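[1] Give me coordinates for this.
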Amino acid sequence: MRIPRSATPVLLAAALTVGLVGCSTPAAPPATPEASKPAPTPEETTAAPSGDGDAASFAKPVTTPGELLGSASGDGFTVDVYQVGTAAASKTGQFANPDTNAPIIEVGAELVYVNYVITNTGTEDIPLSYSLVTVNPRYDDWPYMQGMDSVVDSEQFETMEVNSTAMATGVGDAPFIWEPGTTFSYGINFLHQANSPIEFTVGLTPADESGDLVHDKKQELKIDTTIK
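    Okay, here's the model as predicted:
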């Protein structure tokens, strides 16, 4: 990967406060199509994730839309990454371009949604902290040091049938016990770059009985694939 010339993006709110004070409101973008989820062909359809399909006790109902892009297996768990579909950004993203102070994601930009389906394939409970299992996507040519930008839009996540967070409400405090054979799912959106190589970095750090991370037991996996 080339070394980015740009500095780490700053939070959009801060960047716009410093760089865009006094600017006029931009013209409304042209109308964009509604969110679309491509229907997989028979060749694209893949087997269901490992496990019996039951949601973990702390999790929202599992969703599995989309086409499988890749999988990785660690010690006692698997992660499946699905490309769900595209949608127009209803608002700007969370970061600004440090060179221009403009949002990295503009209103109307094409987003791609991906979904992570994560299953305990072992025979023992895995205690987790609030971070559960992290998955961080990054295009090979992403020009910023910081991770990729996304848009917070709960209604659009619902339309795409992707959980914006895996955690159900009212499940108490960590540690969260991840039972064998159970699954949780969540996803994210980011700028759509068709036919772009991308790497998903997966991290699982179990928790102790107090809910604190046990860093010396951390597992990290990589999934190299291509956004369609």
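[2] Ala96 versus the residue nearest to Val151 when sequence neighbours are not counted, what's the distance?
    Residue nearest to Val151 in three dimensions, not counting chain neighbours: Ala89, with 5.0 Å by Cβ to Cβ, 6 or more residues apart in numbering. From N, CA and C alone the C-beta is placed, and that goes for glycine too. Distance of Ala89 to Ala96, given as Cβ to Cβ, to the nearest Å: 15 Å.
[3] same check, this time on Asn136
    Plainly put, Asn136 is 20 Å away from Ala96 if you go by Cβ to Cβ.
[4] out of these two, which sits in the more crowded spot?
    Taking Asn136 and Ala96 together and counting by other Cβ atoms under 10 Å, Ala96 has the greater number of neighbours (25 against 12).
[5] per-residue confidence for the more buried one?
    The model reports Ala96 with a pLDDT of 93.
[6] Now it: phi and psi?
    Listed backbone geometry of Ala96 is phi -120, psi 150, with angles given as degrees, to the nearest 10.
[7] One more: Gln156?
    phi -70, psi -40.
[8] I'd assumed Ser90 was in contact with it.
    Yes. With contact defined as Cβ atoms under 8 Å, Gln156 reaches Ser90; the gap is 6.3 Å.
[9] Neighbour count: those two, which is higher?
    Gln156 (21 against 15).
[10] which residue is nearest the centroid of the chain?
    Centroid-nearest residue in the chain: Ile188, 3.1 Å away (criterion: Cα atoms, centre = their mean).
[11] what sits against it?
    Ile188 is in contact with 113-114, 135, 137, 150, counting by Cβ atoms under 8 Å, 6 or more residues apart in numbering.
[12] measure it to Thr63 for me?
    Between Ile188 and Thr63 the computed distance is 13 Å (Cβ to Cβ).
[13] Please apply the same query to Leu213.
    Applying Cβ to Cβ to Leu213 and Thr63 gives a distance of 27 Å.
[14] re earlier: among the contacts of Ile188, which one has the most neighbours?
    In the contacts of Ile188, the most neighbours by other Cβ under 10 Å go to Tyr113, 26 neighbours.
[15] Got the phi and psi for that one?
    Tyr113 has phi and psi values of phi -100, psi 130 when expressed as degrees, to the nearest 10.
[16] which neighbours does the longest strand along the chain have in its sheet, and in what orientation?
    Ranked by residue count under DSSP state E, the longest strand found in the chain is strand 126-139. On the basis of DSSP bridges, the sheet neighbours of strand 126-139 come out as strand 176-178 (antiparallel), strand 196-206 (antiparallel).
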